[in-house]
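In: What follows is a predicted structure for the sequence shown.
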Amino acid sequence: MSAVLSTTPETTTPDTARPGRPDGRHGPRRRKRGVTRWIVLAVAVAFALLMLAPLLLLVLNAFKSGADYSAHGPLSLPERFSTEAFQQYLSLVDYPRALVNSVVISGLVAVLGTALALVTSYGIGIGRIRGRTWILAVFLLATMLPQESLIYPLFYGAQATGTFNTVWSVVIVFTVLQAAFGTYLLSSVMSTIPQSLLEAAALDGAGRFRILWSVVFPVLRPTLSVLVVFFFVWTWNEFYIPLVLLTDQSAQTVPIALATLQGQNSINLTALNAGSLLSLLPTLVFFLVFQRTLSRGVTVGAVK
């Protein structure tokens, strides 16, 4: 008996049709997409260099001597890197004292303002008090008022309470102002918390403050961390109100101490650049330390 062996021809698939291999027809499209990405990257790098240019000029002029700056101007490279400007700035300004004042004021305002905003927005966003819309409109209006319109009542109020020329006058003012913005922001976020979650906590016997601490606070922790960072930086850069309320040199902040370098008829530009660089470094370090916290808070808020 003879067995007939039959072989089945193998079906071959062209390379262009196999999965995982690019189809030849998509080549131009992919090349076009790659060119577009390079163009977007080049534009982003150009904008980054444009934004970093003032900082680069600040660093270059801070390490110039007065004679070098007068001879070659602000756009030239320094002939040699000198710390003369920093020495002049530190001799004219009590920078360590101003740094401590700024850190204390900004830190207290960031923590107290965020805590006050959390408590007030809890009553508005979850408590559903009457006139909620009008109250939020008042808080929003408070953040939009120019500081020049508030300076007279703040000045006489600080004198009446005995906080004039102390850091507490600025801490109280900016805690209230920053908390107004925080209340407007957090109340809208709290209104999106599921009522079933709050009702479940109430059925378990949790009171209002227990719900705030154990339920609401963990949900809003990323947003609160973002507010702390923003409130710290915003308060650090404030100038007008601290200039009026803190006339004593021992209570001045870094921006006010920097403004004292400007005389009526002359100004030391290299020392001013050195002081500006020293006043910028703490906020830069603060951002670098809390960069992950800031990015996580923004990302979580976007996902929610």
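Out: Received the coordinates, thanks. Residues are numbered from 1 along each chain as shown.

In: can you pull out the helices in the stretch 101-250 of the chain?
Out: 132-144, 151-161, 167-190, 195-203, 208-211, 217-236, 240-245 (DSSP state H, counting those that start in this stretch).

In: Return the most buried member of the ones you listed.
Out: Mean neighbour counts were compared across the helices of the stretch 101-250 of the chain using mean count of other Cβ atoms under 10 Å; the top stretch is helix 167-190, at a mean of 22. Any C-beta I mention is one placed from the backbone N, CA and C, and that applies to glycine too.

In: Please export the C-alpha coordinates of that one as PDB.
Out: Output in PDB follows, covering the C-alpha atoms of helix 167-190 (Å, rounded to 0.1, in the frame of the first residue of the first chain):
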ATOM      1  CA  VAL A 167       5.100  91.000  61.200                       C
ATOM      2  CA  TRP A 168       1.700  90.100  62.600                       C
ATOM      3  CA  SER A 169       0.100  93.100  60.800                       C
ATOM      4  CA  VAL A 170       1.100  91.700  57.400                       C
ATOM      5  CA  VAL A 171       0.400  88.100  58.500                       C
ATOM      6  CA  ILE A 172      -3.200  89.000  59.500                       C
ATOM      7  CA  VAL A 173      -3.900  91.000  56.300                       C
ATOM      8  CA  PHE A 174      -2.600  88.500  53.800                       C
ATOM      9  CA  THR A 175      -4.100  85.500  55.700                       C
ATOM     10  CA  VAL A 176      -7.500  87.000  55.100                       C
ATOM     11  CA  LEU A 177      -6.800  88.100  51.500                       C
ATOM     12  CA  GLN A 178      -5.300  84.700  50.500                       C
ATOM     13  CA  ALA A 179      -8.100  82.800  52.400                       C
ATOM     14  CA  ALA A 180     -10.700  84.700  50.300                       C
ATOM     15  CA  PHE A 181      -9.300  83.300  47.100                       C
ATOM     16  CA  GLY A 182      -8.800  79.900  48.700                       C
ATOM     17  CA  THR A 183     -12.400  79.800  49.800                       C
ATOM     18  CA  TYR A 184     -13.700  80.700  46.400                       C
ATOM     19  CA  LEU A 185     -11.600  77.900  44.900                       C
ATOM     20  CA  LEU A 186     -12.100  75.200  47.500                       C
ATOM     21  CA  SER A 187     -15.900  75.700  47.800                       C
ATOM     22  CA  SER A 188     -16.300  74.800  44.100                       C
ATOM     23  CA  VAL A 189     -14.100  71.800  44.600                       C
ATOM     24  CA  MET A 190     -16.000  70.600  47.700                       C
END
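
In: got the angle between it and helix 132-144?
Out: 140 degrees (axes from the mean of the first three to the mean of the last three Cα atoms, to 10 degrees).

In: Output the contacting helices and strands for helix 167-190.
Out: Applying 3 or more Cβ pairs under 8 Å, 6 or more residues apart in numbering; DSSP states H and E, one finds that helix 167-190 contacts helix 95-125, helix 132-144, helix 151-161, helix 217-236, helix 240-245.

In: any chance of those in TSV, with distance to residue 206 too?
Out: Shown next, in TSV, are the helices and strands packed on helix 167-190 (distance: least, Cβ to Cβ, whole Å):
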stretch	distance to residue 206
helix 95-125	14
helix 132-144	23
helix 151-161	38
helix 217-236	13
helix 240-245	40
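
In: Could you dump those into a markdown table and include mean pLDDT?
Out: Shown next, in a markdown table, are these (pLDDT from 0 to 100):
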| stretch | mean pLDDT |
| --- | --- |
| helix 95-125 | 93 |
| helix 132-144 | 83 |
| helix 151-161 | 92 |
| helix 217-236 | 91 |
| helix 240-245 | 93 |
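
In: Out of those helices, which is closest to residue 262?
Out: When those are compared by Cβ to Cβ, helix 240-245 sits nearest residue 262, at 12.5 Å.
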